[in-house]
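1. return atomic coordinates for the entry below.
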Amino acid sequence: MVDVLTKKQRSYNMSMIRGRNTKPEIRLRKLLFSKGLRGYRLSGLPGKPDIIFSKYKITIFVDGCFWHKCPEHFKEPATRKRFWAKKIDGNVKRDREINRILKTEGWAVLRFWEHDIEKDINKCYLSVLNELLKKGYRNGN
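-> Sure thing, here's the model as predicted:
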């Protein structure tokens with residue numbers, strides 16, 4: 001199948017895809033903030049976690065179903081199959097390596113699929129809260 005857009009148009013479209021501050025990330029951050037979990041930051045570790053609770057050594061990633069090859073929702077692109085397979089498989093491999101590095105350094109790593117946040121954001125919140133409690137978090141602390 002031939003692309004219906006010019007190379008310049010396709011390049012522009014791809015440049016508009018966000019890697020940071022996606023809607024699912026923002027939804028999760030807003031919920032955490034509204035529940036009083038405010039001691040997080042947004043950058044500074046390998047793999048660029050979406051949310052970091054540095055005091056408790058907890059990192060949170062919100063992974064897109066397409067970009068990180070969700071086993072439930074990933075659909076192989078119809079065009080440029082080799083290019084996309086290499087790109088997405090590389091993302092998955094990098095995710096595993098980042099998890100290994102962070103865990104070796106003593107960090108807890110939580111990963112949520114974008115569909116987890118869409119489907120049941122409260123379950124994601126409870127996972128974060130549970131991990132914080134395991135690491136010594138106290139309300140208001």
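
2. how near is the nearest residue to Gly36 once chain neighbours are set aside to Leu133?
-> Here the nearest residue to Gly36 in space, its sequence neighbours aside, is Asn139; by Cβ to Cβ, 6 or more residues apart in numbering that works out to 6.8 Å. Backbone N, C-alpha and C define where each C-beta goes, glycine included. Taking Cβ to Cβ, to the nearest Å as the measure, Asn139 falls 10 Å from Leu133.

3. could you do Ala78 as well?
-> 45 Å.

4. so where's this protein shaky on pLDDT?
-> For the chain, applying pLDDT under 70 flags the ranges 1-3, 5, 10-20, 140-141.

5. which residue ends up closest to the midpoint of this protein in space?
-> Val62 (2.1 Å; Cα atoms, centre = their mean).

6. where do the strands sit along the protein?
-> Taking DSSP state E, the strands of the chain run over residues 51-53, 58-63, 108-113.

7. Arg94: which of the ones you listed is closest?
-> strand 58-63 (11.3 Å; Cβ to Cβ).
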